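Participant: Kindly return the folded structure for what I paste below:
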Amino acid sequence: MNQQVVLGTSLLSAHLKCLFLTVTHSLKYFYTASSGIENPSYVSVGLVDDVQISYCDSRTKENIPKQDWMNKVNSEHPNYWKEETETCLAKQQTFKISLEIAKQRFNQTGGVHVFQQMYGCEWDDETGEVKGYDQFGSDGEDLIMLDPQTHQWISPKPQAVITANRFNNNRIIKELENIYLTQTCVEVWACGWDYMYACVYVLVCVVFMEDFFLNFI
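Facilitator: As a prediction, this is how the structure comes out:
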């Protein structure tokens, strides 16, 4: 057999093995609040394996499913999307306050400003390694984030150190955050696309707790 053909076949085989063996899954949530930008001034998005599953903003004032299978939630929990909408609206108010606090700490007044949060988890099917993350940003720059190794909140900005200290000094916050990012987050995804509705209610409770205490105030 031609040496080039053998080499090409080997490379293709190795590539296919990588595709099937190295599978990373994820569950992510993004929240964005802005000043100086309206309609909408707040947006929240949920994604499973980078496929959007939910959306809510300050204009529609409703959290809606973006995948057909997410509608199945209602069969088990009729009030699910109503509760999700309430959570979205509560988060919107929290982020509005957090944005104003951030502007004060950075001595900002007019103009366009953005406050964001991204949290979720990723894990490798092959190794079972789980990576949870939770971080806040302001105007496109990192503000405060959870170190996945030490489980300590850290900040590259002096203006956010006070918030990092507040989170670190609250043992309940740290324990709940760690449980969610390393266990519950994965369990929710592991229910599967076809059966996500049977487990997603667990996620609501944990997300609500995060909405309650993880703000920049």
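Participant: Identify the residues contacting the one helix or strand residue 55 maps to?
Facilitator: In the assignment (DSSP states H and E), residue 55 maps to strand 51-57. Outside of strand 51-57, the residues within contact range by CB atoms under 8 Å, 6 or more residues apart in numbering are 40, 42-47, 62-67, 70, 84-85, 88. No exception for glycine: its C-beta is placed from N, CA and C like everyone else's.
Participant: Buried among those? Need that as a selection in PyMOL.
Facilitator: Selection of the buried residues among the contacts of strand 51-57 in PyMOL, burial being defined by 16 or more other CB atoms under 10 Å:
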select buried, resi 40+42+43+44+45+46+47+63+65+70+84+85+88
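Participant: now, which of the contacts of strand 51-57 lie within strands?
Facilitator: For those, the ones inside strands are 42, 43, 44, 45, 46, 47, 64, 65, with DSSP state E as the criterion.
Participant: what's the closest of those residues to residue 140?
Facilitator: Using CB to CB, residue 43 comes nearest to residue 140 of these, at 15.5 Å.
Participant: Tell me how many other residues surround the residue nearest to residue 174 when sequence neighbours are not counted.
Facilitator: Counting by CB to CB, 6 or more residues apart in numbering, residue 174 lies nearest to residue 151, which is 6.2 Å off, once chain neighbours are set aside. Neighbours of residue 151 under the rule other CB atoms under 10 Å: 15.
Participant: quick one: contacts for residue 151?
Facilitator: By CB under 8 Å, 6+ apart, the contact set of residue 151 is 174, 177, 178.
Participant: If residue 124 is in a bridge, with which residues?
Facilitator: With beta bridges defined as DSSP bridges, residue 124 has these partners: residue 24.
Participant: right, and it touches residue 26 too?
Facilitator: No. In this structure residue 124 lies outside contact range of residue 26 using CB atoms under 8 Å: 10.6 Å.
Participant: neighbour count winner among these two?
Facilitator: A count of neighbours by other CB under 10 Å puts residue 26 above the other of residue 124 and residue 26, at 17 against 14.
Participant: the inter-axis angle of the lengthiest helix in the chain versus strand 51-57?
Facilitator: Using DSSP state H to define each element, the chain has its longest helix at helix 80-105. Here the directions of helix 80-105 and strand 51-57 differ by 70 degrees (axes from the mean of the first three to the mean of the last three CA atoms, to 10 degrees).
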